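A.B. asks: could you work out the structure for the sequence below:
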Amino acid sequence: MNQGVSRENPEGLTAREMLDRFRNDGSCEKALLALLDECENLRRGWRPIETAPKDGAFMLCVAESGHVNIMQWCVDGYWRSNTKSPVGYWGPTHWRPLPDPPDAAISENAARQGGRE
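C.D. replies: Residues are numbered from 1 along each chain as shown. Predicted structure coming up:
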């Protein structure tokens, strides 16, 4: 039974025909593997770069190469590392918030400052 022509199904293929086409060209498998990769990234705390704050806050970013750096989005429209050098040329793909410092580090710093935090 023909499903009818639509934007999603311009050829009017049946569900079985669409599934067979996906199986034959591998696009379904590729899409599922990409989705699984993204789920794993989210599980580990990495988020797509499109969701990163653009308020100048520093965050941990990673590029496709696997290079990780502390970066921020600049109002000029590019990513800048904490070394102040523009790094928009390698473009991060994912980000995550910087972790909180360990409680011990906070306590040691407060002690060095004479109890002032």
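A.B. asks: list the helices and strands whichever helix or strand Glu29 is part of packs on?
C.D. replies: Using DSSP states H and E, Glu29 falls within helix 27-43. Counting contacts by 3 or more CB pairs under 8 Å, 6 or more residues apart in numbering; DSSP states H and E, helix 27-43 is packed against strand 47-48. Where you see a C-beta, it was placed from the backbone N, CA and C, and this is true even at glycine.
A.B. asks: touching, Ala57 and Ile70? I think so.
C.D. replies: No - counting by CB atoms under 8 Å, Ala57 stays clear of Ile70, with 10.6 Å between them.
A.B. asks: give me the most central residue, the chain.
C.D. replies: Pro48 (2.1 Å; CA atoms, centre = their mean).
A.B. asks: not counting sequence-adjacent ones, nearest residue to it?
C.D. replies: Among residues not flanking Pro48 along the chain, His94 sits closest, at 6.3 Å (CB to CB, 6 or more residues apart in numbering).
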